[in-house]
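Visitor: build me a model:
(chains A and B)
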Amino acid sequence: MSTDGAPGPATQPATRAIPAKPSLDGVEERWSAVWRDQQTYRFDRAVGRERVYSIDTPPPTVSGSLHVGHVFSYTHTDLIARYQRMRGREVFYPMGFDDNGLPTERRVQNYYGVRCDPSVPYDPGFTPPAKPGKEQIPISRRNFVELCEQLTLEDEKGFEELWRRLGLSVDWSCTYATIDRRSRAVAQRAFLRNFARGNAYLAEAPTLWDVTFRTAVAQAELEDRNRPGAYHTLAFPKASGDGDVIIETTRPELLPACVALVAHPDDERYQPLFGKTVRTPLFGVEVPVVAHRLADPEKGSGIAMICTFGDLTDVIWWRELNLPARAVIGRDGRLLPDPPAAIDTEAGRAAYAELAGKTVHAAKTRIVELLRESGALKGEPRSIEHPVKFYEKGDRPLEIVSTRQWYLRNGGRDEQLRAALRARGAQLNWHPPHMRVRYENWVDGLNGDWLISRQRFFGVPFPVWYPLDADGEPRYDAPILAAEDSLPLDPSTDLPPGYTAEQRDVPGGFTGDPDVMDTWATSSLTPQIAAGWIDDPDLFERVFPMDLRPQAHEIIRTWLFSTVVRSHDEHDLLPWSDAAISGWILDPDRKKMSKSKGNVVTPMGLLEEHGSDAVRYWAASGRPGTDTAFDVGQMKIGRRLAIKILNASRFALGIVGGEGGAALSTGIATGDAASEATLAAVTEPLDRALLASLADVVDAATAAFDGYDYTRALEVTESFFWTFCDDYVELVKGRAYGGAGEAGAVSAQATLAVALSTLLRLFAPFLPFVAEEVWSWWQAGSVHRARWPEAAQLRKLAEAAPSRQLEVVGVVLSAVRRAKSEAKVSMKAEVASARVTAEPDVLALLAPVSADLRSAGSITDLALLDGTGEIAVAVELAPRPAAV
RNA sequence: GGGCGUGUAGCUCAGCGGGAGAGCACUCGCCUUACAAGCGAGCGGUCGCAGGUUCGAACCCUGCCACGCCCA
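Guide: Next up, the predicted model:
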């Protein structure tokens, strides 16, 4: 019994007859159903870690829809999964769904016409209206979360259907959702452990704040957008009374929040001012002039006002120079009702009253008027365009407000940790390697710890309560942490140990932490979630740390980095050995495909139109990290290849299994390269040469796959396949039918069977449907559980035949065809004589296969003549038969 | 402004120190009983530009240009 083509654990129906007219119609439905019923891709957890190949599949966002980019990159992962499975690894290939966070919240709001109001009590009987009404219905957090869960469940069904049709070899019994019980428990347990180690902490600090969503935002969620602004020139009178200091600012509305002026320490213009004070216009607050290296002498007048807080540089100045805080902007993006205490003059308070309650925009307009009237505004504002920080999902500029938030240490404030995380990046095998640089750039650019709390509703709550003092104020310095065995929990409904429900939100009692975690704080734990860190330690042992993280490059700074942070902290390990980074799909204008450009094709439509194998073929042409054009032409080529495989297989198997053909023995008939019968049967030089070439192909494809270069593996396989069809099959046809005696026929038949078996397995990761279809005609079990071909076995059959032989024969065959093509006659036209002149070593390769060559070219007289240089072929066609 | 990547035939891409390649498209042929959704043959490129290294450069180095992405 050989391992070659051995059936996998799953059994299949008996092999079917070879269809007379093979077709791709219906292969997707047929085989995806069989794979589901037979559990072809089930993960067998009985094997040890060393035989497992585990994949940290990216959980797609269910609230969005799948697009071509998903089909593209998920196919890449499946190619690797299928290859590793055939190499004998037990593949742990789960699927997750990302239903945690703001996108789901928004979708639920719009879909059902509701909004979350935590003050509303839970209504167990709530059902949303059939059609969303004009006014959003306020519902409790629990009701809201229930709707989120309900809707995402439906979304997930559509995703699974598409993935199955695409042929992803996912084990569908290993699924998770980032908001399910297990994920919540994992996120909460990891948080508790981070806290216990001192790596999660609560801090009141200036925080980037989105005024629309009213939530804190992390550094990783920022983006710069160019926005129009204007420089305003303001005069600050010196406290000493001798003149003004002129500054420029784009945010005059923050003048009441001004705590100092700042210039570069080397700036000679302002050195006399350092240590002196000035007064703010309108408000009359005395502020110092200070020096700091981050002040840019080239910008504006070289001296700037520091406000709490206009931007992140203000935060740095405020912190490093120990300046007071004078907040004026509230969480709603409006100026606070009351002025900072430092504004203590009648006039100052009156000026502030003009601004209180206004939006930032309105306040700016008003204060410019006031400044102009007072004469403090010099000249007119000068329009500029400048980068402004936005929350990536928001559409109003971020403000900075001081709030209490949870942070997780990520090296942003700790050089030692930063260096350790940088080293983790270097330890990871990146595909392609240059993607590592993005990771390093990000780590190097971190300017603070990771803010993980969000003031939202649908997410994983912090498993934390705070005692309330006699005044009902939370004791943030003494949080009550949940016990690990009580997870997952919701502090807004669950009770802290030792308290009763009556003590909730009353003085001397407790209150639950109202925030939820950043979705990345859960997504960064996908290896732990998928691998059963909490509830399945046996599984965890076998699959963690994982082998592969496949993902897109734009989330290296978020998903990849944060996953490394969590694993480093919790396990002191890299979460996976390899990261495969996929590129973008570009539309024909070489722009990234996106909805807004209206050029997105629906994935299901694509699969239906071209066939799954064809779409996968196109996807396989995109190397890791390389952006790839959306190219229907490539899909058509893929479809043609699949059809060619059907036809070539039908033909080869017709010969092998036909009358007088190799129903000889099982080993020969199934193309078992390791069987003794096959070894004895393969005797002809051309057949051996074919197998020698095929062995080279197997080596090349294997090496390419091992290096995650599936594109190369497909290329070498495909290229060989066409040579196999066009040259080898043509050369061997006559002999295979018995034209050169029994032994020659058997040799050809055995070779055809071995070659076909090998090629089908090489193609199986790319074209799983057609490969399985053909495999089922003559083999037991699934091709996807068959063993990857071994070059050594083929070489043994080849008996050291020179693989170049095939190439040389091809050159002569091509010359004969050229002669016929130029003469515009049929390829079966008779050739009276062909005289081949070549170097002796080339002739030595041609001589043993001259019979096959004569047969394929219909050559009556083939002469091999010693010569020098390139192969030259003189062809003399036989006279055409007289016209009828 | 900094970093990374990409510029090779009309299109999509491979090649990355010694012959400029593949597929598609195009042209001309072939009903050759596996496949006309096929087969055969052919046309087509100062390898982004300019320097340099080398006996020799698409390939290595420098600068520039264009495009894309990431970060400021």
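
Visitor: can we go C-alpha only for contacts and neighbour counts from here?
Guide: Will do.

Visitor: hmm, A:Glu105 is touching A:Phe458, no?
Guide: Yes: with contact defined as Cα atoms under 8 Å, A:Glu105 and A:Phe458 form a contacting pair (6.4 Å).

Visitor: from the stretch 251-400 of chain A, which residue is nearest to RNA strand B?
Guide: Minimum separation of the stretch 251-400 of chain A from RNA strand B (Cα to the nearest atom of the strand) falls at A:Pro387, amounting to 6.7 Å.

Visitor: give me the phi and psi angles of the closest residue to that residue other than its chain neighbours.
Guide: Once flanking residues are discounted, A:Pro387 sits nearest to A:Asn226: 4.2 Å by Cα to Cα, 6 or more residues apart in numbering. Per-residue torsions, A:Asn226: phi -80, psi 130 (degrees, to the nearest 10).

Visitor: gap between A:Asn226 and RNA strand B?
Guide: From A:Asn226 over to RNA strand B the distance is 8 Å, taken as Cα to the nearest atom of the strand, to the nearest Å.

Visitor: so that residue makes contact with A:Val388?
Guide: Yes: A:Asn226 sits in contact with A:Val388 when judged by Cα under 8 Å, with a separation of 6.0 Å.

Visitor: burial count for A:Ser169?
Guide: Counted with other Cα atoms under 10 Å, the neighbours of A:Ser169 add up to 29.

Visitor: next: A:Asp395.
Guide: Residues lying near A:Asp395 (other Cα under 10 Å) number 12.

Visitor: circling back to that earlier point, isn't the residue of the stretch 251-400 of chain A closest to RNA strand B up against A:Gly229?
Guide: No: using Cα under 8 Å, A:Pro387 is not in contact with A:Gly229; the gap is 9.4 Å.

Visitor: between the two, which one's more packed in?
Guide: Ranked by neighbour count (other Cα under 10 Å), A:Pro387 and A:Gly229 place A:Gly229 first, with 17 against 12.

Visitor: so for the more buried one, what's the nearest residue that isn't a sequence neighbour?
Guide: Using Cα to Cα, 6+ apart, the closest residue to A:Gly229 is A:Ile384 (5.2 Å).

Visitor: just after the strand or helix carrying that neighbour, pick out the following helix or strand.
Guide: Counting by DSSP states H and E, the element that carries A:Ile384 is strand A:377-391. Downstream of strand A:377-391, the next assigned helix or strand under DSSP H and E is strand A:399-408.

Visitor: what parts of the stretch 751-884 of chain A come near RNA strand B?
Guide: Contact residues (Cα under 7 Å from any atom of the strand) of the stretch 751-884 of chain A with RNA strand B: A:814-815, A:817-818, A:820-828.

Visitor: contact partners of stretch A:265-280?
Guide: Here stretch A:265-280 makes contact (Cα atoms under 8 Å, 6 or more residues apart in numbering) with A:236-240, A:245, A:255-256, A:258, A:263, A:285-293, A:297, A:303.

Visitor: now the buried members of the residues you listed.
Guide: A:236-239, A:245, A:255-256, A:258, A:263, A:285-291, A:297, A:303 (16 or more other Cα atoms under 10 Å).

Visitor: quick check: mean pLDDT across the strand holding A:Ile384?
Guide: Taken as a whole, strand A:377-391 has an average pLDDT of 90.

Visitor: other residues contacting that strand?
Guide: Against strand A:377-391 from outside (Cα under 8 Å, 6+ apart): A:210, A:217, A:221-235, A:368, A:371-372, A:396-398.

Visitor: just checking, which of these belong to strands?
Guide: Here DSSP state E is the test, and these give A:210, A:222-235 as lying in strands.
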